[in-house]
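Engineer: predicted structure and sequence below. I'll ask about it afterward.
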Amino acid sequence: MATLMARLTRCAVALGLLLTAVACGSGPPSDRLTVMVPWSGPEFQAFYSVIRSFEEDTGIQVDVLVTRAQTQQLDAAVAADAPPDLAVLPSVGALDQYARDDSLKPLDAAITEDYTQPFRGLGIVQDKVYAVPVKADVKSLIWYTPEVTLKPPSTKMPALQALSRERPETWCLGLASGPTSGWPGADWIADMLLSQSGTDTYKDWLSGELEWNSPEVRAAWKAWRSIVADSVKNAPEKKFSEAAGGMTAKPPTCALAHGTLSAMSFPPSAVAEEAYDYVTSAPEPKRRLEVSADFVGRFTKNPSGTALITYLSSAKAQQAWVNQPGGYGFSARGQGKPLEYENPVQKRIAKMLRPNSGYTLCFSAADAMAPDLSAAFYRAVLDYTADASRLKSLLKGLDKVQLDRNSPVPPDKLCAPAT
């Protein structure tokens, strides 16, 4: 732990200097490298355990730069011509942007062959592979505590609306998240559109064929607002992690939460004992899921960077990663022998990402948008939370931002049956 803290301290200094000293030390480039990540807490510890194994296996030292302001820090580093060797990319929209301006270096196409769709295709720009999905997530989940809720909540609209009317503090809702405040609402609104209107509408919206101010998109915003009801009070100022922690409080201060397992504040032992459980947002038989992934790309020609990306995408590293306590990672690998998940709840979620699961996986809308459009989406969520009467003007404003800023992801890559 002392070694880890020393490295993080050195790298924090580098971040304060806009990464002008990204090497975080001296040494031959082939013997060390830098990687920028946005993770903290158990998510970071899970990742770092894999990094330690890589260092032991290869003798290559990895300096990890940790930042929650991933977009701003990475943009600044690239603009200063001092990028890290590798970085977890802020979004697929950013991935596309970095690839087209030659900031990202292409990878061997074979590196993504074992990954399922739609993850496999999202790292490809102009027929070249630029990034690998090293960690996946399912966003279309509603979490509950069986001991409190007694039975799984219905995901039908009338039932969810009734729950919120009966209990104002039903939802553990927090929207604050630094530069990306608003993202929990954006994810949920996109999930509502996917659930209510289907994959074709979802793809048309992201490709610019369907306006933000269309009846379908407008209905998704209104549906979200009607479900969360009075739980929006103080949500813009409340951190998502703190809000989700309301389910673990004694006694609980809220009953339900929406989002990925990794975003919740559940203790590993409680999840292992199934003290918390989930239902998918879309009622059966729709079986449509909003998913996401963390992609790693290479910004320099340091050969050690190629070695680390290859290692992180290997079955060995992925197997070790997904079972780190509290990290709650999922793999997008679908070929070969299935990974073994020790946590029973994690194991059930992972099955939805496996080939032939029967689910259609659609990539997270905000993550697939051009960066300035997703930022405007987040701001609009905060504004709508404060004043629901502004919806029409907010959506018209997003239509203006969308002009010439459609999702860089081709529509046929946004959604796919898990194959």
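Structural biologist: Cool, got the structure.
Engineer: so how far is Phe377 from Met369?
Structural biologist: In this view, Met369 and Phe377 are 7 Å apart by Cβ to Cβ, to the nearest Å. Yep, even glycine has a C-beta here, placed from its N, CA and C like the rest.
Engineer: so which of those two has more stuff around it?
Structural biologist: More neighbours surround Met369 than the other of Met369 and Phe377, with 27 against 23 (other Cβ atoms under 10 Å).
Engineer: my guess is Ser140 contacts Asp191. True?
Structural biologist: Yes. With contacts counted by Cβ atoms under 8 Å, Ser140 reaches Asp191, the gap being 5.2 Å.
Engineer: looking at these two, which is more packed in?
Structural biologist: Taking Ser140 and Asp191 together and counting by other Cβ under 10 Å, Ser140 has the greater number of neighbours (31 against 28).
Engineer: which residues are contacting stretch 277-286?
Structural biologist: Residues from elsewhere that reach stretch 277-286 (Cβ atoms under 8 Å, 6 or more residues apart in numbering): 140-146, 152-156, 191-192, 194-195, 198, 258, 261, 287-290, 345, 349, 352.
Engineer: for that stretch, buried residues please.
Structural biologist: Asp277, Tyr278, Val279, Thr280, Ser281, Ala282, Lys286 (16 or more other Cβ atoms under 10 Å).
Engineer: stretch 151-168 now?
Structural biologist: Buried, per 16+ other Cβ under 10 Å, within stretch 151-168: Pro153, Thr155, Leu160, Leu163, Ser164.
Engineer: what's the answer for stretch 137-151, then?
Structural biologist: Of all the residues in stretch 137-151, those buried under the rule 16+ other Cβ under 10 Å are Asp137, Val138, Lys139, Ser140, Leu141, Ile142, Trp143, Tyr144, Thr145.
Engineer: please apply the same query to stretch 192-206.
Structural biologist: By neighbour count with 16+ other Cβ under 10 Å, stretch 192-206 contains the buried residues 192-199, 201-206.
Engineer: count of neighbours near Ala307?
Structural biologist: Around Ala307 there are 16 residues (other Cβ under 10 Å).
Engineer: surely it meets Thr58?
Structural biologist: Yes. Counting by Cβ under 8 Å, Ala307 touches Thr58, with 6.3 Å between them.
Engineer: domains in this protein, by residue range?
Structural biologist: 2-136+293-341, 141-290+361-417 (automatic domain parsing).
Engineer: tabulate those domains (JSON lines), appending mean pLDDT.
Structural biologist: Output for the domains of the chain, formatted as JSON lines (pLDDT from 0 to 100):
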{"stretch": "domain 2-136+293-341", "mean pLDDT": "86"}
{"stretch": "domain 141-290+361-417", "mean pLDDT": "91"}
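Engineer: for the nearest residue to Ala69 once chain neighbours are set aside, what are its contacts?
Structural biologist: Leaving aside its chain neighbours, Ala69 sits nearest to Pro179 (5.6 Å; criterion: Cβ to Cβ, 6 or more residues apart in numbering). Pro179 makes contact with Ala69, Thr71, Gln72, according to Cβ under 8 Å, 6+ apart.
Engineer: the first one and Leu394: what is the separation?
Structural biologist: Counting by Cβ to Cβ, the gap between Ala69 and Leu394 amounts to 25 Å.
Engineer: higher neighbour count, the two?
Structural biologist: Comparing Ala69 with Leu394 by other Cβ under 10 Å, the one with more neighbours is Leu394, at 21 against 15.
Engineer: helix or strand for that one, which one?
Structural biologist: Using DSSP states H and E, Leu394 maps to helix 391-402.
Engineer: who's in contact with Asp102?
Structural biologist: Applying Cβ under 8 Å, 6+ apart, no residues qualify as near Asp102.
Engineer: so it sits in a helix?
Structural biologist: No. Counting by DSSP: H, G, I helix; E, B strand; the rest coil, Asp102 is located in no helix; its state is coil.
Engineer: roughly how far apart are it and Lys128?
Structural biologist: From Asp102 to Lys128 the distance is 11 Å (Cβ to Cβ).
Engineer: now swap in Arg390 and tell me
Structural biologist: Separation of Arg390 from Lys128 (Cβ to Cβ): 42 Å.
Engineer: again with Asp277
Structural biologist: From Asp277 over to Lys128 the distance is 42 Å, taken as Cβ to Cβ.
Engineer: again, but for Asn343
Structural biologist: 36 Å.
Engineer: who's more crowded, these two?
Structural biologist: For the pair Asn343 and Lys128, the greater number of neighbours falls to Asn343 (20 against 13), based on other Cβ under 10 Å.
Engineer: doesn't Ala270 make contact with that one?
Structural biologist: No. With contact defined as Cβ under 8 Å, Asn343 does not reach Ala270; the gap is 10.7 Å.
Engineer: phi, psi for the residue nearest to Ala69 please.
Structural biologist: phi -60, psi -20 (degrees, to the nearest 10).
Engineer: residues contacting Leu395?
Structural biologist: Leu395 touches Glu211, Trp212, Asn213, Val217, Arg218, Trp221, Ala380, counting by Cβ under 8 Å, 6+ apart.
Engineer: now do 7 Å
Structural biologist: Leu395 makes contacts with Trp212, Asn213, Val217, Arg218, as judged by Cβ atoms under 7 Å, 6 or more residues apart in numbering.
Engineer: the second one in helix, strand or coil?
Structural biologist: The three-state label for Asn213, taken from three-state DSSP, comes out as coil.
Engineer: do the same with the last one
Structural biologist: Arg218 falls in the helix class when you classify it by three-state DSSP.
Engineer: now, the buried residues of stretch 192-206 that are in strands?
Structural biologist: Judged by DSSP state E, strands contain none of these.
Engineer: which single one of those residues is nearest to Ala229?
Structural biologist: Nearest to Ala229 among those, counting by Cβ to Cβ, is Met192 at 14.3 Å.
Engineer: am I right that that closest one is in contact with Ser226?
Structural biologist: No. Here Met192 lies out of contact with Ser226, judged by Cβ atoms under 7 Å, at a distance of 10.0 Å.
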